[in-house]
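Peer 1: show me how the following folds:
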Amino acid sequence: MIGRINFLEGDPGKIDEAIAFVRERVQPHVEAQAGSHGLGMWVNRETGDSIVTTAWADQAACDASEEHVKSVRAEAAAVAGAKSVRVEIAEPVVVWQSAADQPGYWCRVVEMDVPVDRIGESVALFRDEILSQVQQIPGVNTIVYFVNRDTGRATLNVTYRSKAELDAGRERGIALRKIVVERLNAQEPIVHELETAIVGIRGEAAIDLTSTESRAEIS
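Peer 2: Model prediction:
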């Protein structure tokens with residue numbers, strides 16, 4: 001699976017309008033494309049920031065969809081009051097979930113630049129050491145670690161069942177990020193905190209690389 005992660009810096013006053021537009025206009029359009037595994041959206045009503053992630057069966061499907069989705073991406077940006085959209089292409093290499101996410105859950109999204117030649121090491125570090133520690137944080141429901149092996153960009157999504165639990169887990173998250181930065185000589189991370197607005201990435205798209213069999217593929 002490949003994800004296209006769209007970051008928008010919009011107008012806080014237009015968040016509800018943007019959610020409605022994505023749900024009614026963008027999501028059906030994405031679902032109609034070959035190889036689509038759905039769409040999810042996260043928002044911050046105070047800052048106006050939002051993230052829309054689409055999931056695709058493989059890189060070919062993601063590439064083929066670009067021409068079809070770029071127009072609705074521009075429309076969504078206009079509705080959200082965003083001047084531009086930053087797009088990241090990423091591969092989910094570690095996925096864990098205790099139950100299906102729900103609208104109203106909260107997600108902490110951490111972006112970090114890792115030296116390209118250490119991306120494999122970052123996957124092993126997260127899989128073998130960090131993942132179990134994140135799983136133990138109260139309220140954590142979903143963990144997805146994405147990487148772009150060409151650029152070195154790593155993105156971690158950790159979803160909590162409530163805003164209170166996200167807040168309570170913040171210091172533990174800071175401590176774990178410090179370990180990763182120091183071990184990998186990574187850049188200081190960019191952190192986003194957002195409410196889950198649309199849950200639409202289908203379950204069959206989740207690739208559980210925490211299993212013994214899958215570990216061998218990325219070791």
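Peer 1: contacting residues around the residue nearest the centre of the chain?
Peer 2: The residue lying closest to the centre of the chain (C-alpha atoms, centre = their mean) is Asn157, at 4.9 Å. Counting by C-beta atoms under 8 Å, 6 or more residues apart in numbering, Asn157 touches 107-109, 142-144, 146. (Glycine included, C-beta is placed from N, CA and C.)
Peer 1: correct me if wrong: Glu75 contacts Glu24.
Peer 2: No: Glu75 is beyond contact range of Glu24, at 11.5 Å (criterion: C-beta atoms under 8 Å).
Peer 1: which one's more surrounded, those two?
Peer 2: Glu75 (15 against 10; other C-beta atoms under 10 Å).
Peer 1: in terms of helices and strands, where is the more buried one?
Peer 2: helix 59-80 (DSSP states H and E).
Peer 1: and that helix, what does it pack against?
Peer 2: On a contact count with 3 or more C-beta pairs under 8 Å, 6 or more residues apart in numbering; DSSP states H and E, helix 59-80 meets strand 2-9, helix 15-21, helix 27-31, strand 49-56, strand 85-97.
Peer 1: among those, which is the most enclosed?
Peer 2: Comparing those by mean neighbour count (mean count of other C-beta atoms under 10 Å), strand 49-56 ranks first with a mean of 25.
Peer 1: what pLDDT, on average, does it get?
Peer 2: For strand 49-56, the mean per-residue pLDDT is 98.
Peer 1: and what of stretch 197-217?
Peer 2: Mean pLDDT, stretch 197-217: 54.
Peer 1: quick check, Tyr160 in contact with Val140.
Peer 2: Yes: Tyr160 lies in contact with Val140 (C-beta under 8 Å); the separation is 5.9 Å.
Peer 1: rewinding a little: of all the helices and strands packed on helix 59-80, which lies closest to Pro115?
Peer 2: Evaluated with C-beta to C-beta, the helices and strands packed on helix 59-80 place strand 85-97 nearest to Pro115, the distance being 16.5 Å.
Peer 1: what is whichever helix or strand comes after the closest one packed up against?
Peer 2: Going down the chain from strand 85-97, the next helix or strand is strand 106-113, by DSSP H and E. Secondary-structure packing of strand 106-113 (3+ C-beta pairs under 8 Å, 6+ apart): strand 153-160, helix 163-168, helix 170-184, strand 190-198.
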